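A.B. asks: A structural model of the following input is requested.
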Amino acid sequence: MIGNCVAYARAAHAQGKPIVGIMCEYTPRELILAAGAVPVCLCGGSAETIPAAETCLPSNLCPLIKSTFGYHIEHANPFLEMAALVVAETTCDGKKKMYELMAQERPMYVLELPQKPDDPHAFEHWLRELEKLKAELERRLHMPITDARLREAIAVMNRERALRRQLAALMESPSPPLTGRQLLQLKSSISGIPEDFAQYEKALELLRARQPVPELASRVRVLLTGVPTPHGAERVLDIIEGNGGLVVCSENCTGLKPLLEDVDTAREPLQAIAEKYFHLPCSVMTTNDRRIESLSRLAQEYRPQCIIELIWQACLTYDVEAARVRQLAAKLGLPYLRIETDYSPSDSARIAVRVQALFETVQATWHSSPSCAAVTQGAAR
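C.D. replies: Numbering: from 1, shown residues only. This next block holds a predicted model:
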């Protein structure tokens, strides 16, 4: 995916099509597509760029922020080097302050998120923010964003979300045709590429016809939640699946979270776009009841045997919210494991031991509990 995305972006850039970088799922790709630009995710997942970032940023900062900024310092991200604009979102204080440094050299627009989703004025504020972003894109890219162009972009993104939801739904099976790691690889850094849609459809056809894999059916089913796992930062997922687990559901931003709701095509386009993205249940929101509701629903659909929460070092919002996720896991009767780490592999052995212990607990619980055995048999049927 990454290699194809780089080639696609370079070809588009050579033809004069603007590249617009984004840092978070809150930025509506529909607006960027309607402006005739290519929306590219810039989140860094490499440990190699972090030392450069630490010449300016604190060492105890989130590794995703440091990796992203390190790419900026080293001019090592081809997408960022081509970007006519970076749209940054105020999802956390660390990111906001990093944006100030990056903006000294890069064209940037900061999109302000509301913090209280239940406040009666929050949505009005959010809609105004998207109106201002629309105006900024039009000004910088010299392309009027009409309702007709927005509707075309909405159709593209709704199709992309639908295809990715169908791929994710394959993991509901008692014997999924692929691993969680393989599913994560079926995610593009660029939205709206027609060739990607063709590949998603081909993958669905092939995977639906694949014979059940007994080895996957015997693994411990895991619901992974918490922080996103950008390209290059899949180490914990690899540890989980390398020690007998199967991530049947990734609730995070690189998984199902941004795919759960489409844009309503019957509504006024900008209003409908604002509503879809306003509903994202990120931990920066207070109170974030929607995430708990979403996790409960996904647990019913994907039938995990445990919940693992991944938290990047210094990601305070997810770290604090982990207490609510632990409470939910207890309510659902599911073992829970919180893993806090960064991009360094130095703690991989320790994480593997904790994952193995969790899976031993799961297997002992499910083998000894008649109710759990009944659930397993029902799922098999």
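A.B. asks: just the helices in the stretch 51-200 of the chain please.
C.D. replies: 63-74, 78-82, 93-102, 122-141, 147-169, 180-185, 194-209 (DSSP state H, counting those that start in this stretch).
A.B. asks: closest one to residue 239 among the ones you listed?
C.D. replies: Nearest to residue 239, of all the helices of the stretch 51-200 of the chain, is helix 180-185, at 10.6 Å by CB to CB. Backbone N, C-alpha and C define where each C-beta goes, glycine included.
A.B. asks: mind listing the strands for the stretch 151-300 of the chain?
C.D. replies: 220-226, 245-250 (DSSP state E, counting those that start in this stretch).
A.B. asks: now those as a markdown table including mean pLDDT and distance to residue 120?
C.D. replies: Output for these, formatted as a markdown table (pLDDT from 0 to 100; distance: least, CB to CB, whole Å):
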| stretch | mean pLDDT | distance to residue 120 |
| --- | --- | --- |
| strand 220-226 | 98 | 29 |
| strand 245-250 | 98 | 33 |
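A.B. asks: so the closest residue to residue 51 other than its chain neighbours versus residue 305, what's the distance?
C.D. replies: Nearest residue to residue 51, sequence neighbours excluded (CB to CB, 6 or more residues apart in numbering): residue 70, at 7.3 Å. Here residue 70 is placed at a distance of 37 Å from residue 305 (CB to CB, to the nearest Å).
A.B. asks: picking that back up, nearest to residue 20, out of the strands of the stretch 151-300 of the chain?
C.D. replies: strand 245-250 (25.5 Å).
A.B. asks: and the closest one, C-alpha only, in CSV?
C.D. replies: What follows is strand 245-250, C-alpha atoms only, in CSV (Å, rounded to 0.1, in the frame of the first residue of the first chain):
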residue,chain,number,x,y,z
GLY,A,245,-3.8,-14.2,19.6
LEU,A,246,-6.0,-13.1,16.8
VAL,A,247,-7.0,-9.4,16.6
VAL,A,248,-10.5,-9.8,15.3
CYS,A,249,-11.4,-6.2,15.9
SER,A,250,-9.3,-3.0,16.0
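A.B. asks: and that strand with helix 147-169, angle?
C.D. replies: 150 degrees (axes from the mean of the first three to the mean of the last three CA atoms, to 10 degrees).
A.B. asks: can you list the domains in the protein?
C.D. replies: For the chain, the structural domains run 2-150, 214-380, going by automatic domain parsing.
A.B. asks: turn the ones you listed into TSV, columns for mean neighbour count and distance to residue 205.
C.D. replies: Below are the domains of the chain laid out as TSV (neighbours: other CB atoms under 10 Å; distance: least, CB to CB, whole Å):
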stretch	mean neighbour count	distance to residue 205
domain 2-150	18	20
domain 214-380	18	19
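A.B. asks: between those, which has the poorest mean confidence score?
C.D. replies: Of all those, the minimum mean pLDDT falls on domain 214-380 (a mean of 93).
A.B. asks: distance from that domain to the middle of the chain?
C.D. replies: Taking CA atoms, centre = their mean, to the nearest Å, one finds the center of domain 214-380 at 12 Å from the center of the full chain.
A.B. asks: repeat that for stretch 203-211.
C.D. replies: 24 Å.
A.B. asks: same question for stretch 58-67.
C.D. replies: For stretch 58-67 - counting by CA atoms, centre = their mean - the centre lies 18 Å from the chain centre.
A.B. asks: follow-up on the earlier one: okay if I get the strands of the stretch 151-300 of the chain as a markdown table plus distance to residue 344?
C.D. replies: Formatted as a markdown table, the strands of the stretch 151-300 of the chain follow (distance: least, CB to CB, whole Å):
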| stretch | distance to residue 344 |
| --- | --- |
| strand 220-226 | 18 |
| strand 245-250 | 21 |
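A.B. asks: residue 29: which of those is closest?
C.D. replies: strand 245-250 (19.4 Å).
A.B. asks: tell me the helices and strands packed up against the closest one.
C.D. replies: If contacts are counted by 3 or more CB pairs under 8 Å, 6 or more residues apart in numbering; DSSP states H and E, strand 245-250 sits against helix 180-185, strand 220-226, helix 235-242, helix 289-302.
A.B. asks: quick one: closest of these to residue 158.
C.D. replies: Taking CB to CB, helix 289-302 is the member of those nearest to residue 158, at 19.0 Å.
A.B. asks: next helix or strand past that closest one?
C.D. replies: strand 306-312 (DSSP states H and E).
A.B. asks: neighbouring strands - and their directions - for that following strand?
C.D. replies: Sheet pairing here is set by DSSP bridges, and for strand 306-312 it gives strand 220-226 (parallel), strand 336-341 (parallel).
A.B. asks: who's in contact with the helix or strand that comes right after it?
C.D. replies: Downstream of strand 306-312, the first helix or strand assigned by DSSP H and E is helix 316-332. By CB atoms under 8 Å, 6 or more residues apart in numbering, the surrounding residues in contact with helix 316-332 are 92, 225-227, 282-284, 288, 291-292, 295-296, 299, 306-307, 309, 311-312, 335-336, 338, 340.
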